[in-house]
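> Got a sequence here, can you build the structure:
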Amino acid sequence: MSLDLESISEATSGAIGSLLSTTILYPLDTCKTKYQAEARAHGQQKYRNLSDVLWEALTTRQVVSLYQGLGTKNLQSFISQFVYFYGYSYFKRLYLEKSGTKSIGTKANLIIAAAAGACTAIMTQPLDTASSKMQTSAFGKSKGLWKTLTEGTWSDAFDGLGISLLLTSNPAIQYTVFDQLKHRLLKGKQSKEDGGSSPESLSALTAFVLGAISKSVATIVTYPAIRCKVMIQATDSNEDGNIKTRRKYPKTLSRVLCAIWKREGILGFFKGLHAQILKTVLSSALLLMIKEKIAATTWVLILAIRRYLLITRGTIKNV
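Now for the predicted structure:
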């Protein structure tokens, strides 16, 4: 049984790109998550703007705490992107082989991307929940991964799974838009190349722009569900930083929607949208830019490893 080397190459380059982009933008991600998780009570807010979170970290000398949960987030990000890109690439290639077509339509692309996203969400949900709790803990009060995962029941580790499955439409929309735009740009280029020995790639600037456009579209469409997910997963804390009981928001999507409507009105569903777009667009654009630039190198390395293994296997057989 032969391995799907191109899918492995796609998954590896995507996971590395995700790891680097997550690390670079993590302080912004922490500020964004804490800002989204705050619930307005009786018209009062601790954070009126995204910059208020950063200012709190500076004034309390807790700048390092902007990185609390980075290890968990990187682990979750690496695993989820590897699984997603492998599944997305593999199922796309399988569809093209079975259908006998040379290109994939928008509808089929959405279904394949959503299926890959659903598998990813189920496998990485406990890490996603843990990273959200660690980010939204009071500065300097975040617990380690194991304590965060074991402080509640096993079902608590899967808080927000239903919304995560719903949000598979987000990467589905994102990568469908990206792939369709990429396909159009590279349509003329492919016919000019010989043999196609390695996957075609975009320039860094082009990949960045296409990544920003595709993620902006996906984020705007799915943002109300994104905020609900953050609020379900977040850890609440007192003003003195001590962790207290979970906020009064129930752990179901319908009840969280009702609670936001009653407390904050329709604009509450879009609180932090600008922060989400800023973070996710930059993150996605960096991820896709890095992925496109290292894809060819990853492909060459995988082929070299495969060739080495084949030579080694042949040598052993001859002996």
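> Could you pull up the mean pLDDT of whichever strand or helix holds residue 311?
Of the helices and strands defined by DSSP states H and E, residue 311 is found in helix 273-318. Averaging pLDDT along helix 273-318 yields 77.
> Could you tell me what pLDDT the model assigned to the nearest residue to residue 62 once chain neighbours are set aside?
Sequence neighbours aside, residue 139 is the residue nearest to residue 62 in space, at 3.7 Å (criterion: C-beta to C-beta, 6 or more residues apart in numbering). (Glycine included, C-beta is placed from N, CA and C.) Looking at residue 139, its pLDDT is 82.
> Quick check: phi and psi at residue 139.
phi -60, psi 130 (degrees, to the nearest 10).
> For burial, what's the neighbour tally of it?
20 (other C-beta atoms under 10 Å).
> The spatially most central residue of the chain and residue 284, how far apart?
The centroid of the chain falls nearest to residue 77 when counting by C-alpha atoms, centre = their mean (6.2 Å). Distance of residue 77 to residue 284, given as C-beta to C-beta, to the nearest Å: 12 Å.
> Would you check that the residue nearest to residue 62 makes contact with residue 65?
Yes: assessed by C-beta atoms under 8 Å, residue 139 is found in contact with residue 65 at 4.0 Å.
> Need the residues touching each of the two.
residue 57 (C-beta atoms under 8 Å, 6 or more residues apart in numbering).
> so what's the residue nearest to residue 62 up against?
The neighbours of residue 139, taking C-beta under 8 Å, 6+ apart as the test, are 56, 57, 60, 62, 65, 68, 241.
> and of the residues you listed, the nearest to residue 173?
residue 68 (30.5 Å; C-beta to C-beta).
> what are the phi and psi angles of that closest one?
phi -60, psi 130.
> Could you do the one 5 residues further on as well?
The phi/psi pair for residue 73 (degrees, to the nearest 10) reads phi -60, psi -40.
> What's the local residue count around it?
Counted with other C-beta under 10 Å, residue 73 comes out at 25.
> one step back: quick one: which of the contacts of residue 139 is nearest to residue 260?
residue 56 (23.2 Å).
> residue contacts, the closest one?
By C-beta under 8 Å, 6+ apart, the neighbours of residue 56 are 47, 62, 139.
> what distance separates the helix or strand encompassing it from the centre of its chain?
With secondary structure defined by DSSP H and E, residue 56 is part of helix 50-59. Put simply, helix 50-59 sits 24 Å off its chain's centre (C-alpha atoms, centre = their mean, to the nearest Å).
> likewise stretch 160-178?
10 Å.
> now residue 229: how far from residue 25?
If you go by C-beta to C-beta, the gap between residue 229 and residue 25 works out to 19 Å.
> the more surrounded of the two?
In this comparison of residue 229 against residue 25, neighbours counted by other C-beta under 10 Å, the higher total goes to residue 229 at 25 against 18.
> Looks like the more buried one contacts residue 164 (just checking).
Yes: the pair residue 229 and residue 164 passes the contact test of C-beta under 8 Å, sitting 6.7 Å apart.
> Surely residue 101 is in a helix?
No: with DSSP: H, G, I helix; E, B strand; the rest coil as the criterion, residue 101 is coil rather than part of a helix.
> Can you report how many residues neighbour it?
11.
> Same question for residue 306.
14.
> quick one: contacts for the nearest residue to it once chain neighbours are set aside?
Leaving aside its chain neighbours, residue 306 sits nearest to residue 5 (6.6 Å; criterion: C-beta to C-beta, 6+ apart). Residue 5 sits next to 299, 302, 303, 306 when contact means C-beta under 8 Å, 6+ apart.
> Looking at those, which one is closest to residue 288?
Distances from residue 288 to those, taken by C-beta to C-beta, are shortest for residue 299, at 16.4 Å.
> Quick check: the closest one touching residue 8?
No: contact status for residue 299 versus residue 8: not in contact, 9.4 Å apart, counting by C-beta under 8 Å.
> re the thing from before, and of the contacts of residue 56, the nearest to residue 273?
residue 47 (14.6 Å).
> quick check, the closest one in a strand?
No: using three-state DSSP, the secondary structure at residue 47 is coil, not a strand.
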